[in-house]
Each structure stands twice: as C-alpha cells, then as structure tokens.
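Novice: how would this look folded up:
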Amino acid sequence: MASFTERMAPVLLLWLAVCLSGTWAVDRGNFKTCDQSAFCKRQRALKPGESPYRALLETMELTNTRLTLQLINDNNKVRLLLELYRLQGNITRVKINELKPLKPRYEVPDVLIREPPTEPLSLLSQDENGVVLSLGAESQRVIVSARPFRLDIMEGREVLMSLNSRGLLAFEHLRMRKDTFSYKVTSTVASVWDNIKRVFSSQADPEAEKKEEADPANQAEAAKEEEEKVEDGMWEETFKSHSDSKPNGPSAVSLDFSLPGVEHVYGIPEHADTLRLKTTDNGDPYRLYNLDVFQYELYNPMALYGAVPVMLAHNAQRTTGIFWLNAAETWVDISSNTAGKTVFGKMLDYVQGSSETPQTDVRWISESGIIDVFIMLGPTPKDVFSQYASLTGTQSFPPLASLGYHQCRWNYNDQEDVQSVDAGFDEHDIPYDFIWLDIEHTDGKRYFTWDPHKFATPKEMLQGLVDKKRKMVAIVDPHIKVDSNYKIHNEIRSRGFYIKNKDGGDYEGWCWPGSAGYPDFTRADMRSWWASMFAYDQYEGSMENLYTWNDMNEPSVFNGPEVTMHKDAMHGAWEHRDVHNLYGFYVQMATAEGLIQRSGGVERPFVLTRAFFAGSQRFGAVWTGDNAAEWDHLKISIPMCLSLGLVGISFCGADVGGFFKSPSTELLVRWYQTGAYQPFFRAHAHLDTPRREPWLFGPENTALIREAVRQRYTFMPYWYQQFYLAHRTGQPVMRPLWVEYPQDPATFALDDEFLIGRDLLVHPVTEEGARGVTAYLPGKDEVWFDIHTFQKHNGAQNLYIPVTMSSIPVFQRGGSIIPRKMRVRRSSSCMEHDPYTLYVALNPQRTAEGELYIDDGHTFNYEKKEFIHRRLSFANNVLSSVNLAPDAQFTTGSWIERIVILGASKPSKVTLKAADGQESQIEFEFDASMSVLTLRKPGMNSGADWTVTLQ
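Specialist: Next up, the predicted model:
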C-alpha cells in the first residue's frame with residue numbers, strides 16, 4: 001500500500017500544482033482581498049477624524065532613556081501604554097501595547113541586532129493640552145497632544161511627520177468571548193466583587209470614583225459594559241474551504257502617519273510594482289504576507305514571497321523612513337492630496353498660488369502583535385540606510401564567487417547532465433561559478449539526500465567541479481516528508497520540533513514530497529539542530545563547494561489557506577498568525593548558520609531564500625520568485641530589486657529568461673544583458689520548459705550571451721567592492737538615481753535605469769524590437785562616459801541611444817575610478833591572481849577617485865583585518881594609490897597591467913614612482929579623437945603605494 005501511495009503522490013502533486021498554476025496566470029481567487037480579510041475590512045471601515053484615544057498626561061513618566069504615558073480609549077475605557085524612545089543616530093521609537101493585556105501580545109524577537117542604544121530625552125514644556133520633548137539634534141522635538149492623542153515630530157517650524165493625525169490609531173484589546181461559559185462565570189464573580197468594593201471604597205474615599213476609573217483592573221468591566229458589536233470574522237473566519245478558529249478573538253493594531261511635503265514613497269517589498277508606491281484609495285492596500293504566488297501578476301499590490309515593513313519617504317529637502325516591526329499579516333494604505341493631479345493641474349495650483357502643501361498619508365494595519373515603530377529621520381538617503389542598518393544589520397558579505405554567474409533549472413537530470421552542462425560552458429567559452437540542483441536531485445523529495453540512481457556519487461560530481469574551481473547549490477526546503485524511514489523526519493518528530501496544529505498534534509500539509517511536517521524554526525533549539533545537519537558527516541555527499549537554496553519557505557502549503565499555513569497553527573505559545581512573516585527569515589538564518597558551522601566558522605556561507613523579512617539581508621541573497629518569460633517581467637525586475645535594496649536587501653536578482661514559459665531569443669539575450677548588471681545573476685527555468693543553456697540558440701545569440709556574461713566578470717572587482725561597502729555601511733549596491741541625486745525631481749520616479757554604487761549607470765534594453773533607448777543622465781555639472789565607446793556626455797539630460805542586439809547602455813561617472821579584470825577565465829576563482837585595469841574617468845575639474853578592495857574572497861578573515869583596501873585618486877595630473885587600512889595585513893599577487901584615463905589630454909611623458917622611491921617611465925598611447933590615454937604595463941603590485949605623474 002505504501003508503494004501505491006508513494007507512486008500516487010507525484011500524480012496528486014502534479015494535479016495540485018496544475019490547479020494552483022491555472023493557465024500560466026495567478027488565480028486571484030486563491031488569495032484574499034482586504035474585504036475578505038476580516039481585520040483589514042474592519043479597520044478600513046474606520047472613519048478619519050474620530051479618534052477615541054486621549055493621552056492621560058498625569059500618568060506620564062520621563063526617565064533619562066524613555067517617556068511612558070497611558071492612553072485611554074474613551075469608548076471602552078481600555079488603556080494602552082505608550083513608550084517613546086530617542087535612539088542614537090536620529091531615530092525615534094514609538095511602542096504602544098495594552099497596559100494590562102489578558103495575556104502577553106507577541107513582540108518580534110531576533111530581527112533587531114541588539115537593543116537599540118538610547119539618548120536622553122528632555123522635557124521642554126507641558127500644559128493640560130500636551131507635552132513638548134526635545135530630540136536633541138537641530139531643534140528637533142516631539143509634541144504629544146492629549147485630546148485626541150497625537151504625536152508630531154518637528155524640526156524648527158517644520159512638521160516632519162505626524163502620528164494619529166487622522167485619528168486612525170486602533171488597538172483591538174484581547175478579551176474573553178462573551179458566549180463562553182468561563183466568560184459568564186468570570187463576569188458574574190467580577191461584578192459582585194466590584195459592587196462590594198465600590199460600597200466600601202466610596203465610604204472611605206470621596207476620590208474613589210476618579211481612582212476607580214484610573215484602575216486598570218476595571219478595564220475589563222468597562223469593556224464588558226460597552227455593548228460591542230460582534231462582527232463576522234472577529235472570533236472565527238472562513239476563506240474558501242478553510243476555517244480559522246481565532247481563539248484569541250480580534251487583536252488588530254493600526255496607526256496612521258502623515259508626511260507633509262512628501263509626494264514620493266518607496267519600499268515595503270515585495271510587490272511586483274513600480275519603484276514609487278502608488279496611492280491605494282481606489283483599490284486594495286499593499287499587502288505584506290509571505291505567500292507562494294504561482295506566476296504573479298504585475299502592477300498590483302498583492303502580497304508576494306517576502307515582506308519588509310519599511311517605507312522610505314523622499315522629497316528634495318529630506319528623506320525619512322518608517323519601520324513597522326510586526327510579523328503578522330499587514331496591509332498598508334497610501335493616500336495623497338496630489339494623487340491624480342495632472343502636471344497641468346499642479347501648474348495651475350502654482351499659478352493661482354494654491355497653498356496646499358503636498359502630503360502623503362500612510363496607514364499600517366496588522367492582524368496581531370503590538371505597535372512598535374521606528375521613525376528614521378534621515379535627513380539624507382544615506383543617513384536613513386545607516387539608521388536602518390543600525391537596527392537590523394547590513395547585507396552579509398558574500399563569497400566573491402556568488403557574484404558570478406549561476407546556471408540553474410528545475411532540474412538537471414543526473415550527474416552526467418551536470419557534467420555535460422559544465423563542459424558546455426567551457427566548450428563555448430562562457431564563464432560560470434555555480435551550477436544548481438532543484439528538488440529532483442533528492443531521494444523522493446527527502447532533503448539532505450541524493451537520488452540513489454541519478455546522483456549515486458555526489459562527491460565525485462562535486463570534485464569534478466572543484467577541479468575547475470566551480471561550485472554547486474542544492475535545494476533544501478523546510479517541508480519534511482512524513483516518512484518513518486527518513487532520518488530527518490524521525491529526529492524532528494522525536495524532539496518535538498514540528499509546528500503543532502490547534503489541537504496539539506504535529507501540523508501536516510501537502511507540499512512537494514506529499515504529506516509534510518513543518519519544523520518550528522522560531523525555536524532556537526530547532527534552528528541549532530537544523531544547522532548541525534549541514535555538517536559534512538551529517539549531510540552525506542556534501543563538500544565545501546556545495547551551498548544551499550531555501551525555497552517554499554513562506555511557508556508553502558499546497559492544501560492550506562492561500563497556499564500557506566493555517567493561522568491557528570501553534571509555535572509553542574504563539575499562533576502562526578503572530579509569526580508568519582518571520583518563518584522564511586528563520587529558515588535562512590538556520591541554514592546560513594549551518595554552512596558557517598560546518599567549516600568551523602571559517603567560510604562565508606551562500607544561501608538563497610525566497611521568503612524574507614526585515615533583517616534577512618544578514619543571511620544571504622533573495623530572488624523575485626516564479627516570474628515569467630515576458631517582456632514586462634524583465635522590466636519589473638528592476639523596480640523589484642531597487643525596492644529591496646532600499647530596505648537593506650542588496651543581494652537581489654530575478655530568474656534570467658523567466659521561470660515559466662519560454663522566452664524568444666531576443667528576450668533571452670536582453671535578459672542576460674540586464675541580469676549581468678543586477679546583483680544576483682542566475683538563469684532558471686521551469687521543469688516543463690525546453691532546455692535553454694546559453695549555446696542552444698545559434699552561434700550569434702551564443703556570442704551575445706557570452707559577451708554579456710563576460711562583461712559581468714570584468715566588473716567583478718567593482719561588484720565585490722560594492723558589497724564590501726554595503727556590508728560595512730548599509731548603503732544599497734543597486735540603487736535608484738534619486739539616492740545619489742536627492743535634489744533632482746527628474747530622478748524621483750525613474751525605475752527603468754539604476755546605479756551600481758555611485759559610479760556605474762545602467763539603462764538596460766527592456767523593450768521588444770527596440771532601436772534605441774532614452775537614458776536620463778543626472779548631475780548638472782557632471783559628465784558620463786559610455787563604457788564601451790568612451791564617448792563623453794553631459795549630465796542633466798535625456799540622452800537618446802541607438803541600440804542593436806549587442807548594446808547594453810552603461811555609463812561611468814566622470815570623477816570615478818573603477819578597477820576591472822579584463823582577462824576573463826572559466827570562473828571567478830580562476831581569476832583570483834589576475835592583474836587589474838583601472839578605468840579613470842575624469843570630471844570637468846579633471847579629478848577622479850575610487851577604491852580597490854581585495855581579500856581572499858571566501859573566508860571571514862577580513863574581520864581579522866586580512867584585506868587590502870586602497871584609495872585611488874587622480875588630481876593635478878597625478879594618480880596615486882594610498883592605503884585606507886594601514887592596520888590591515890594581506891598580500892596579493894595581482895598587479896596593475898593597464899590604466900585607461902577617459903577625458904585626458906596628451907602628456908609628454910608619464911612617470912611611475914614606486915613605494916621604494918624608484919622612478920620609471922611608462923609607455924602610453926593617446927587617442928585624440930576620444931581623449932583617451934592608455935598607460936601600458938605600469939606593473940606595480942595592487943597592494944602597494946605608488947604614484948603615476950603625467951607631465
């Protein structure tokens with residue numbers, strides 16, 4: 001019988017997958033709208049301007065580190081506790097919880113890298129209407145208004161942000177269900193006791209009534225007396241055939257924020273939408289709820305695989321951020337007083353002297369937990385990135401090889417297939433670093449195993465890759481096949497590590513293996529055990545060049561509500577509804593820890609995840625999930641990765657070629673050209689699509705793809721340096737133009753081009769049949785050089801660029817120095833000791849600067865100061881290399897083989913002065929037509945001090 005069910009499982013799964021995938025398009029009916037999500041519908045029905053909350057100023061306590069203050073809901077007398085902190089680095093934290101909840105409410109752990117350090121708050125003034133507190137820096141202050149409760153953050157006379165200014169603060173207090181026996185007993189006893197107490201206390205104390213109102217013990221009574229309208233979905237909710245038992249009843253929280261002077265907001269990924277967020281007045285709010293969405297639709301606010309509850313607001317004067325630390329299902333409404341106005345309408349306002357300041361209003365609604373919000377006050381984009389990084393950490397520093405090209409599909413059939421694809425890259429002279437194995441490599445979808453027939457000798461296969469300095473990634477998903485002959489399942493079950501269903505048994509759902517259990521990754525002991533499974537003696541067949549991919553970790557449950565887990569499943573004391581958006585974060589955390597531990601803490605891990613949350617940047621890379629081979633999906637990869645970069649997750653990419661369907665050769669080539677300039681560069685394809693290795697589309701297309709991939713490899717030193725800076729500072733690697741040009745409104749909504757670091761501008765060709773593209777080159781007093789032709793263009797212009805199939809419009813900023821390696825080999829590791837070419841692009845002031853960062857490319861030894869970090873600068877006709885880290889120790893065999901100076905004039909001679917003071921002449925060539933000076937074989941070591949003088 002077992003063998004029959006084993007045979008049937010794939011058939012059932014295929015049927016399920018087909019049902020889920022429909023006709024290559026998302027089935028919207030599988031996923032809730034706000035109207036179908038009871039708490040969202042309830043909260044959205046609240047009218048602005050009717051806030052029942054007031055601040056009880058007499059309860060205010062101010063210590064050196066925080067202010068606490070009680071709020072009361074005048075409708076039901078339930079009290080909340082407001083905590084306000086001024087944090088280091090121009091951040092304000094606001095927490096709101098019930099003063100005396102019936103039971104504890106969930107507060108998100110593990111996302112913050114530490115308890116954020118505070119700075120002193122001081123009281124400036126106080127009266128019966130409110131209090132004014134100083135935030136220290138630059139005349140910044142917080143005004144707390146009492147009736148209705150409202151918070152305003154000001155700088156000078158300018159309001160930077162207001163909280164509850166529209167009166168949409170809502171906090172559904174935990175309560176007992178009125179139609180239960182225990183509630184009736186408790187309330188009867190309580191009312192008898194209260195009557196006795198009232199008689200005695202009022203005789204003894206005429207102030208008793210006032211005290212009684214202030215006594216939190218009476219909140220339950222007050223709430224009971226208020227006749228509450230029990231709405232559908234408060235105590236149980238159904239969606240399609242699924243029911244959510246909601247044992248804790250309604251528990252939603254909500255707060256509105258007003259942003260005066262702001263018309264552009266960004267962030268809150270993951271959505272397949274434009275970079276600039278749209279207003280949501282005429283549709284659903286943006287939804288943050290990690291879901292496995294088969295072939296998602298574009299340009300809508302539906303939830304996708306990951307959720308980062310961080311929004312950035314920007315105008316020409318200031319950038320601010322809001323980080324809403326809540327892991328439950330969350331909806332974000334955005335409205336604006338300028339939405340829908342045409343350019344003509346705005347001009348008319350201006351001419352008529354309309355005094356309406358633009359304003360964006362944002363409202364966050366979460367199903368459970370507390371309000372815990374960090375307000376990052378900038379004022380520059382870079383300040384906001386640093387502020388957010390100080391809370392949740394920076395992008396992990398990836399192994400250099402993981403910035404190369406990755407070849408993947410569902411699935412490479414067997415070891416011979418892997419060997420043949422690997423050989424194909426050499427035969428066609430296309431470099432790559434990683435080949436990937438999807439779920440079919442396992443023994444019956446049992447992760448940490450290999451198919452005994454198709455992958456009988458995995459170490460032999462891995463050794464073949466080691467011999468070519470290449471690596472492999474194998475998938476390890478978090479759903480575990482329920483099978484008593486499977487070691488991993490038996491261990492998890494015997495240790496009690498599975499998530500439980502509402503009745504206390506192990507939660508089971510359907511996924512790729514058939515019936516599966518879901519380990520409770522919110523448990524530190526479970527994560528620790530999981531990490532130990534990556535040890536070389538536990539994960540049989542694994543070697544040091546095998547890395548990991550976590551898919552399906554939303555978690556995906558094929559027969560669950562919205563293809564995910566039931567919200568009333570239990571993680572210890574907490575419901576799944578409280579922790580849902582954290583699940584993928586914890587899976588990747590445990591996996592990355594496993595890869596670190598297996599090497600004794602020496603080697604950096606590489607882990608790709610599909611689901612993520614705030615802080616996931618600390619553990620590896622993400623990709624944009626199951627996209628499609630369509631031009632619009634190619635286009636959307638740019639804003640999707642830009643949005644992720646803005647909220648700390650720099651290591652982002654999209655499946656090159658599209659996961660579903662088959663791309664035309666033109667689309668495939670354009671996707672390689674785009675992907676080559678995005679941080680995570682991986683081709684991937686669905687099981688049912690024809691094979692699409694880069695050499696299968698004729699020699700011309702092979703040559704175009706080869707050139708795109710080789711361009712990627714020449715820029716590896718620059719990519720690596722950008723990731724080092726991201727790891728050190730929190731600045732995004734792939735960034736929107738407005739980050740570097742924050743006062744140029746022409747950049748604020750651009751999302752068809754982007755910057756890599758400060759110095760490379762990329763405008764990929766993403767239109768079918770394109771003959772040309774128009775790129776905006778920013779910077780009024782700047783120049784940009786085409787990296788292919790070295791043609792110089794002025795900034796602050798829209799430049800029309802004619803294109804052919806080989807064109808990838810990329811520009812280097814005048815004023816920058818970019819190190820490249822022009823000898824491309826079969827993998828990045830093969831290029832480790834190769835020489836550098838420095839591209840020096842002069843600005844109109846004839847200066848330039850850049851950096852060069854070198855380490856071993858794969859260990860944590862850089863943390864022990866084993867690296868080279870140099871400042872390269874050109875000024876007054878002298879190019880020099882100066883040590884930025886004199887206390888660091890590292891040696892490299894790489895040398896400088898060429899220096900190309902763009903925008904140069906012809907020198908009479910060029911002199912190199914080495915570290916030991918020796919001088920020598922350097923050969924050069926000058927192209928007068930393009931003003932390009934090339935210095936040949938200067939020959940100095942990349943880690944040494946030197947100067948080159950043009951005379």
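
Novice: Can you tell me how far residue 389 is from residue 929?
Specialist: Distance, residue 389 to residue 929, by Cβ to Cβ, to the nearest Å: 45 Å. For the C-beta atoms, the positions are set from N, CA and C on the backbone; glycine is no exception.

Novice: Of the two, give the one with the bigger neighbour count.
Specialist: Neighbours were counted for residue 389 and for residue 929 using other Cβ atoms under 10 Å; residue 389 has more, 21 against 6.

Novice: Which residues are in contact with that one?
Specialist: Taking Cβ atoms under 8 Å, 6 or more residues apart in numbering, we find residue 389 in contact with 648, 729, 730.

Novice: Mark which of those residues are buried, thanks.
Specialist: The neighbour count (16 or more other Cβ atoms under 10 Å) marks 648, 730 as buried among the contacts of residue 389.

Novice: shouldn't residue 401 be in contact with residue 831?
Specialist: No. Between residue 401 and residue 831 there is no contact under Cβ atoms under 8 Å: 10.3 Å.

Novice: I'd guess residue 489 is in a strand, am I close?
Specialist: No. Counting by DSSP: H, G, I helix; E, B strand; the rest coil, residue 489 is not part of a strand but helix.

Novice: what number of residues lie near it?
Specialist: For residue 489, the count of nearby residues is 20 (other Cβ under 10 Å).

Novice: how far away is the closest residue to residue 883 other than its chain neighbours from residue 250?
Specialist: Counting by Cβ to Cβ, 6 or more residues apart in numbering, residue 870 is the residue found nearest to residue 883 once chain neighbours are left out, at 6.0 Å. Remark: distance between residue 870 and residue 250 (Cβ to Cβ) = 59 Å.

Novice: which stretches of the protein have low pLDDT?
Specialist: Low-confidence segments of the chain (pLDDT under 70): 1-24, 137-138, 180-228, 340-355.

Novice: show me what contacts the closest residue to residue 826 other than its chain neighbours?
Specialist: In space, and not counting its chain neighbours, residue 826 is closest to residue 431: 5.5 Å by Cβ to Cβ, 6+ apart. Going by Cβ under 8 Å, 6+ apart, residue 431 touches 404, 405, 425, 709, 710, 713, 824, 825, 826, 827, 828.

Novice: before we move on, back to that, which strands and helices sit next to whichever strand or helix holds the residue nearest to residue 883?
Specialist: Under the criterion of DSSP states H and E, residue 870 resides in strand 868-875. Helices and strands touching strand 868-875, as assessed by 3 or more Cβ pairs under 8 Å, 6 or more residues apart in numbering; DSSP states H and E, comprise strand 816-820, strand 836-841, strand 848-854, strand 878-883.

Novice: do you know which of those strands lies nearest residue 84?
Specialist: strand 848-854 (40.1 Å; Cβ to Cβ).

Novice: Packing partners of the closest one?
Specialist: By 3+ Cβ pairs under 8 Å, 6+ apart, strand 848-854 packs against helix 716-729, strand 816-820, strand 836-841, strand 868-875.

Novice: buried stuff in the longest one?
Specialist: Spelled out, that is helix 716-729. 716, 717, 718, 719, 720, 721, 722, 723, 724, 725, 726, 727.

Novice: Show me how far that helix is from its chain's centre.
Specialist: How far helix 716-729 lies from its chain's middle: 17 Å, per Cα atoms, centre = their mean, to the nearest Å.
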